[in-house]
Structures are given as structure tokens and as C-alpha cells.
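got a predicted structure plus its sequence, pasted below:
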Amino acid sequence: MARRRQVYEGRGKVLFEGTEPGTLVQYFKDDAYVQQTRKAGTITGKGVLNNRISEYLMQRLGEIGVPTHFVRRLNMREQLVREVEIIPVTIVVRNIVAGGLAERFAMPEGTTLPRSIVEFYYKSDELGSPMVTEEHITAFGWAHPQDIDEILTLSLRINDFLTGLFLGIGLRLVDVQLEFGRLWENEHMRIVLADEISPDNCRLWDLHTNEPMDKDRFSKDLGRVEEAYQEVARRLGILPESRPSDFKGPDTIQQA
Ligand code: ADP
Ligand code: MG
């Protein structure tokens with residue numbers, strides 16, 4: 001079999017040319033990296049779990065009409081996606097104060113925000129992903145005002161849907177980091193959700209203990225990192241050991 005052409009190697013994934021025109025293969029690695037502290041390491045099994053988790057969440061989002069790049073999972077570590085023109089802006093939607101927001105305003109982590117806050121960051125490792133406003137995005141030609149409107153609407157919808165989905169399995173969605181891209185179909189352009197949604201780019205806290213169940217366990221050396229990724233997949237009902245016939249769906253908790 002001909003060797004696939006590698007298109008890009010990032011911190012957490014490798015992109016290969018896809019099997020069909022206009023597609024890419026996302027290969028999920030176990031590598032973990034924290035931009036702020038430059039901490040690098042490995043989380044064993046993370047790639048397999050994130051591949052599954054992102055597949056599951058993108059499919060659920062697709063079902064409520066959110067356009068995504070996801071096509072299908074190919075194997076344990078790879079999924080086929082539509083190739084998009086990535087908009088170089090990371091969108092962060094925050095529901096609870098944590099991480100950078102807590103630092104910037106010297107606020108205690110864990111405060112529930114009265115409304116979700118949306119932030120934009122320019123996607124650049126070298127520059128440390130600086131925060132930007134809509135003014136920068138339009139002035140630098142990264143996106144048109146109508147694209148930003150579309151991205152904002154989609155981001156809030158994704159955040160609301162994921163908040164409810166995670167709450168149902170006993171997890172608080174503290175914040176989520178999203179990437180969008182342009183998908184061209186003839187002359188028509190659509191903005192679609194790209195990249196991944198996983199504990200690498202969602203802050204998830206256990207509803208009852210507030211224990212982080214995401215990459216912060218690695219970033220902050222909290223231990224039991226692998227277990228946290230497994231637990232998220234388990235609660236979603238998608239542990240990779242289970243065969244398709246074993247899929248039982250999410251373990252919905254009952255409110256007391
Ligand atoms: P990074 O270190 O840049 O975050 P990752 O390891 O996350 O990279 O690898 C994924 C890369 O692929 C990201 O740069 C992301 O913007 C890009 N990407 C994600 N989905 C798509 C897509 N559908 N088409 C093209 N590029 C994509
Ligand atoms: Mg990335």
C-alpha cells in the first residue's frame with residue numbers, strides 16, 4: 001500500500017492526506033503539551049480516547065444541526081474529516097472561572113459566570129496565542145464580520161448543548177476551546193466546527209467533587225491523568241474496549 005502523505009504534525013495530532021479528495025486523516029497521538037508552561041509529556045491511551053470522544057461529540061452535535069468536519073472514524077487512533085481552511089482564531093467559551101481568566105483578573109476558580117463569556121485567541125504557538133478582539137480579526141483579514149457572527153452563534157449553541165450533555169453524566173463544562181474552518185462547496189462557503197472536542201480542550205469538573213477530569217490533571221501534576229480521560233469516555237458510554245453491540249449510550253445520572 002502506498003505510504004500516505006503527511007500534511008502536518010501538531011502537538012496532539014498528525015494530519016495525513018485522506019483517502020477521498022477534500023478529506024484528511026486526523027491521527028490522535030498520546031503526546032500532551034501545555035503552551036503556557038511548555039510542559040510536554042505523554043498520556044498513555046489519550047489518542048485512542050480523544051479519537052472516540054471527539055467522534056461521539058461531533059456526531060451528537062451533527063444531529064442537532066451543527067455542521068462539523070467529522071466524516072467517520074477509521075480505527076483506534078484515526079478519523080476521516082473534511083479538509084477545511086482553518087480560521088486562525090481559537091474560540092474559548094467560559095461558563096465557570098478557571099485557568100487564564102482566574103489569573104488575569106485574580107478571581108477565585110470555580111465562580112459560575114452570570115453569562116457565558118466568549119474570547120478569541122490568535123492561533124500562534126510562537127506568539128503564545130495572544131487574545132484578540134473582533135477588530136483584530138477583521139482588520140488582519142482572518143475573518144469577515146458575518147463569519148464572526150456565524151462563529152459566535154455556533155460556539156454558544158455548541159457550548160449550551162455540551163453543557164447539558166456533560167451535566168447529564170455528572171460533569172461541569174467549565175470552558176471549551178473551539179476551532180472553525182471554511183468548507184467550500186462549489187461557490188458556496190460554509191463555516192464548520194473542526195479540530196477536536198475532548199478533555200484536551202474542554203475543562204470538565206466532576207459535578208459533586210469539582211475534581212478536574214481533563215488535561216489540567218497533567219498541566220497541574222494532579223495525578224490519575226489517564227484515569228480521568230478513561231472516566232470521561234466511560235461516562236459517555238464509549239470506552240474503546242466495548243464492541244459496537246456493547247454501546248449502551250451515556251450513563252445519565254439521576255438528580256437526587
Ligand atoms: P496544533 O499543535 O497546531 O494545535 P494539533 O496537534 O491539534 O495541532 O493538530 C491538528 C491541526 O490540524 C491543527 O493545527 C488544526 O487547526 C488543524 N485542523 C483541524 N481540523 C482540520 C480540518 N478539518 N482541516 C484542516 N486542518 C484541520
Ligand atoms: Mg490543537
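Done, it's in. Ligands and ions are numbered 1, 2, ... in the order given.

only C-alpha atoms for contact and neighbour calcs from this point on.
Noted.

leaving out chain neighbours, which residue sits closest to the residue sitting nearest the centre point of the chain?
Nearest to the geometric centre of the chain sits Ile197, at 2.5 Å (CA atoms, centre = their mean). Spatial nearest neighbour of Ile197, chain neighbours left out: Ser54 (4.9 Å); criterion: CA to CA, 6 or more residues apart in numbering.

that neighbour contacts Glu196, doesn't it?
Yes: the pair Ser54 and Glu196 passes the contact test of CA atoms under 8 Å, sitting 5.5 Å apart.

neighbour count for those two, which is higher?
Neighbour count, other CA atoms under 10 Å: between Ser54 and Glu196, Glu196 has more, with 25 against 19.

and the residue nearest to the centre of the chain, helix, strand or coil?
Three-state call for Ile197 (DSSP: H, G, I helix; E, B strand; the rest coil): coil.

show me which residues of the stretch 101-250 of the chain sit near ligand 1.
Within the stretch 101-250 of the chain, the positions near ligand 1 by CA under 6 Å from any ligand atom are Ala194, Asp195.

my guess is Thr42 contacts Arg11. True?
No: using CA under 8 Å, Thr42 is not in contact with Arg11; the gap is 11.0 Å.

ok, the closest residue to Glu109 other than its chain neighbours - contacts?
With sequence-adjacent residues excluded and distances taken as CA to CA, 6+ apart, Glu109 is closest to Ala98, at 4.7 Å. By CA atoms under 8 Å, 6 or more residues apart in numbering, the contact set of Ala98 is Pro108, Glu109, Gly110, Val174.

ok, so of these, who is nearest ligand 1?
Proximity of the contacts of Ala98 to ligand 1, judged by CA to the nearest ligand atom, is greatest for Val174, which lies at 20.1 Å.

where's that closest one relative to Phe166, distance?
10 Å (CA to CA, to the nearest Å).

and these two? Which one has more around it.
Shown here are Val174 and Phe166; by other CA under 10 Å, Val174 has more neighbours (25 against 21).

let me see the contact set for the more buried one.
Val174 sits next to Arg94, Asn95, Ile96, Val97, Ala98, Cys202, Arg203, Leu204, Trp205 when contact means CA under 8 Å, 6+ apart.

of those residues, closest to Glu78?
Each of these was checked against Glu78 using CA to CA; the closest is Cys202, at 20.1 Å.

which phi and psi does that closest one have?
Backbone torsions of Cys202, given as degrees, to the nearest 10, read phi -120, psi 140.

how about it: what's its closest non-neighbour residue?
Excluding the flanking residues, the one nearest Cys202 by CA to CA, 6+ apart is Val176, at 4.3 Å.
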